[in-house]
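1. I need the structure of the sequence given here:
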Amino acid sequence: MEDNRIVDLYWARSEDAIAETSEKYGKYCYAIAYNILSNTEDADESVNDTYLDAWHNMPPHRPSILSTFLGKITRRISIDKWRGRTADKRGGGEIVLALDELVDCVPSDHTIGSSPTFWTRRAASASVPPAGSARGWRADGSGPAGAAHPNRCIRHK
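-> Now for the predicted structure:
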């Protein structure tokens with residue numbers, strides 16, 4: 001279908017506009033999103049957000065080149081998503097590095113939920129006294145008798 005016809009469908013508020021846009025420009029928008037995000041789920045979400053944004057912006061705007069219009073929307077949404085994912089408040093993209101440091105705490109032959117380390121840490125964190133309590137963790141990391149510090153891994157062999 002021609003671009004002018006697709007734009008007319010948007011102006012008529014026909015749901016077929018999104019289906020036609022997806023058929024003609026879906027791979028194009030996905031390629032833009034995936035090249036920015038390098039993640040299939042985020043790229044799919046960005047493409048769907050592109051269709052929604054086009055739906056909301058089309059009646060006031062009548063783009064002469066639909067591919068450019070959709071490409072700009074996809075790029076803006078993908079870059080915003082990438083910035084949100086790599087923001088300093090979310091680890092600045094260092095989440096993978098932080099998780100790599102935990103490899104020593106979880107045995108490779110077990111899943112996290114079935115490892116003794118997981119359940120020991122869970123039990124230790126359940127025994128942590130409330131904030132401001134008289135019994136708490138000392139500066140050297142020791143705490144109540146028999147309890148492990150909740151921020152330390154306990155290796156079982």
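2. in this protein, which helix has the most residues?
-> Assignment by DSSP state H gives helix 16-37 as the longest helix of the chain.
3. What are the buried residues along that helix?
-> Within helix 16-37, the residues that qualify as buried are 17-18, 20-22, 24-26, 29-30, 32-34, 36-37, counting by 16 or more other Cβ atoms under 10 Å. (Each C-beta comes from the backbone N, C-alpha and C, glycine too.)
4. what's the following helix or strand after it?
-> Sequence order places helix 40-57 as the next helix or strand after helix 16-37, per DSSP states H and E.
5. The protein: helices as residue ranges?
-> Using DSSP H, helices in the chain cover 3-11, 16-37, 40-57, 66-85, 95-101, 116-126.
6. Would you reformat those helices as JSON lines and include mean pLDDT?
-> As requested, the helices of the chain are exported to JSON lines (pLDDT from 0 to 100):
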{"stretch": "helix 3-11", "mean pLDDT": "91"}
{"stretch": "helix 16-37", "mean pLDDT": "93"}
{"stretch": "helix 40-57", "mean pLDDT": "93"}
{"stretch": "helix 66-85", "mean pLDDT": "92"}
{"stretch": "helix 95-101", "mean pLDDT": "64"}
{"stretch": "helix 116-126", "mean pLDDT": "53"}
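7. All set, thanks.
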